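In: Build me a structure from this.
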Amino acid sequence: MERRETRVLRSIEEARSFTKERPLGFVPTMGYLHEGHISLVRRAREECATVIVSVFVNPLQFGPGEDFSHYPRDPERDTALAKEAGADAMFMPEAAEL
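Out: Residues are numbered from 1 along each chain as shown. The predicted structure follows:
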């Protein structure tokens, strides 16, 4: 498999610009990637010109008493795993961006 640089996109505008006029495979996650996520990235790589993995831990998905601050996060690990599987970019926005 050809190795490419995996870009990290932090804003919606960056993501729009990156994907303009490209067939896109999009793999949405809450991060801390596992083999299920990686299999989706590999499949998207087979079928699409561009593959983006999103990592967004949505604070609205956590109810009262659930600890948003302790949800596992490792963006460097996630980026490395996604890159190895063939992702072209990581969309990692802050909550304020959305």
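In: When you work out contacts or count neighbours from here on, use the C-alpha atoms and nothing else.
Out: Noted.
In: Which parts of this protein are strands?
Out: With strands called from DSSP state E, the chain shows them at 7-9, 24-29, 50-55, 89-91.
In: and those as JSON lines, adding mean pLDDT?
Out: Compiled in JSON lines, those are given as follows (pLDDT from 0 to 100):
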{"stretch": "strand 7-9", "mean pLDDT": "89"}
{"stretch": "strand 24-29", "mean pLDDT": "96"}
{"stretch": "strand 50-55", "mean pLDDT": "95"}
{"stretch": "strand 89-91", "mean pLDDT": "95"}
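In: wait, which of the ones you listed is closest to F62?
Out: For these, the distance to F62 is smallest for strand 24-29, at 14.9 Å, taking C-alpha to C-alpha.
In: Taking strand 50-55 as reference, get the angle to that closest one.
Out: Put simply, strand 24-29 runs at 20 degrees to strand 50-55, going by axes from the mean of the first three to the mean of the last three C-alpha atoms, to 10 degrees.
In: ok, back up a step: export the strands of the chain to a markdown table and tack on mean neighbour count and distance to G36?
Out: Shown next, in a markdown table, are these (neighbours: other C-alpha atoms under 10 Å; distance: least, C-alpha to C-alpha, whole Å):
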| stretch | mean neighbour count | distance to G36 |
| --- | --- | --- |
| strand 7-9 | 18 | 21 |
| strand 24-29 | 18 | 10 |
| strand 50-55 | 25 | 13 |
| strand 89-91 | 24 | 17 |
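In: Distance to E35 for those - can I get that in TSV?
Out: What follows is those, written out as TSV (distance: least, C-alpha to C-alpha, whole Å):
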stretch	distance to E35
strand 7-9	21
strand 24-29	12
strand 50-55	14
strand 89-91	17
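In: of those, which approaches H70 most closely?
Out: strand 50-55 (15.7 Å).
In: Quick one: list the elements packing against the closest one.
Out: Under the contact criterion of 3 or more C-alpha pairs under 8 Å, 6 or more residues apart in numbering; DSSP states H and E, strand 50-55 touches strand 24-29, helix 35-47, strand 89-91.
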